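Colleague: coords please:
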Amino acid sequence: MSIQISPLSVKELRTKTGAGMMDCKQALQAANGDIEIAVENLRKKGLASADKKLTRLATEGIIDSYIHIGSRIGVLIELNCETDFVARRIEFQKLAKNLAMQVAACQSVFYVSINDIPQEIIDREIRIESGKEDIINKPPEIKEQIIKARIDKRLKELCLMHQCFIKDQKVLIEDLVKEHIALLGENIKVRRFQRFILGEKIDLN
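Modeller: Okay, here's the model as predicted:
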């Protein structure tokens, strides 16, 4: 027998996830009224449905900006979707703003995803890790495993999609985008971004 779910709980879950009313009610019933479990289940469901849309062409969207307090750091970001209709949705525009803010906050991030990192950067990181003293005397197979793990970690540190969302550390940016794909029903891609830091690269000589 399904438990009674209050409209207030449904509304709270809808606010947290953006899912439909019936989806929220069913998720709460399956979770015996536990909102946190319902949120997790809806996110899993959304990520699975979003994966199917990732290959669809996304050529519409917006260019948005974020200027940090004090006006010393600014970011421009291009976020693409499939239609102009979704580009005008407040949820899409809020996502663009949040992603621009994320780029401003993560100043070690220079690429959207690992696939965007030039091979010469990867080769440089491999050379650096291979020459570290703590692995010089380890057996070759162990050394290779350590280098691979460190390179994977380093490359993720350089990429926006592998960062934890500054507003919710339990959510990766990659999953945040997928949640919006599920919510809005279209493929969404971060095409590019540019960070501006006041005084950067000024030659004082």
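Colleague: Quick check: next helix or strand after the helix or strand of the chain with the lowest mean pLDDT?
Modeller: When the helices and strands of the chain are compared on mean pLDDT, DSSP states H and E, helix 35-51 comes out lowest with a mean of 70. Next along the chain after helix 35-51, taking DSSP states H and E as the criterion, comes strand 60-67.
Colleague: Output that following strand as CSV, nothing but the C-alphas.
Modeller: Output of strand 60-67 as CSV, limited to C-alpha atoms (Å, rounded to 0.1, in the frame of the first residue of the first chain):
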residue,chain,number,x,y,z
GLU,A,60,21.4,27.4,-30.3
GLY,A,61,22.0,28.9,-26.9
ILE,A,62,23.4,32.0,-25.3
ILE,A,63,26.7,33.7,-24.4
ASP,A,64,26.5,34.8,-20.8
SER,A,65,28.9,36.6,-18.4
TYR,A,66,29.8,36.8,-14.7
ILE,A,67,31.7,39.6,-13.0
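Colleague: helices or strands next to it in the packing?
Modeller: Other elements packing on strand 60-67 under the criterion 3 or more C-beta pairs under 8 Å, 6 or more residues apart in numbering; DSSP states H and E are strand 73-81, helix 84-87, helix 90-105. Glycine gets a C-beta too; all of them are placed from N, C-alpha and C.
Colleague: Pull the residues that contact the shortest one.
Modeller: I take that to be helix 84-87. Contacts to helix 84-87, defined as C-beta atoms under 8 Å, 6 or more residues apart in numbering, come from residues 60, 61, 62, 81, 92, 93, 184, 185, 186.
Colleague: give me that answer again for 10 Å
Modeller: Identification of contacts with helix 84-87 by C-beta atoms under 10 Å, 6 or more residues apart in numbering yields 58, 60-62, 79-81, 92-93, 96, 180-181, 183-188.
Colleague: for that helix, the distance to its chain's centre please.
Modeller: 20 Å (C-alpha atoms, centre = their mean, to the nearest Å).
Colleague: Go through it and flag the buried ones.
Modeller: Buried positions in helix 84-87, judged by neighbour count with 16 or more other C-beta atoms under 10 Å: 86, 87.
Colleague: and what of the longest one?
Modeller: Within helix 90-105, the residues that qualify as buried are 92, 95, 96, 97, 98, 99, 100, 101, 102, 103, 104, counting by 16+ other C-beta under 10 Å.
Colleague: and the gap between the residue lying closest to the first one once chain neighbours are set aside and residue 99?
Modeller: Distances taken as C-beta to C-beta, 6 or more residues apart in numbering put residue 86 closest to residue 92, at 5.5 Å, once the chain neighbours are dropped. Between residue 86 and residue 99 the computed distance is 15 Å (C-beta to C-beta, to the nearest Å).
Colleague: just residue 71 next, same as before
Modeller: For residue 71, the distance to residue 99 - C-beta to C-beta - is 20 Å.
Colleague: what do you get for residue 89?
Modeller: For residue 89 relative to residue 99 (C-beta to C-beta), the value is 15 Å.
Colleague: Residue ranges of each domain in this protein, please.
Modeller: 7-51, 60-112+158-197, 118-157 (automatic domain parsing).
Colleague: Residue 32 versus residue 100, what's the distance?
Modeller: Computed as C-beta to C-beta, the residue 100 to residue 32 distance reads 39 Å.
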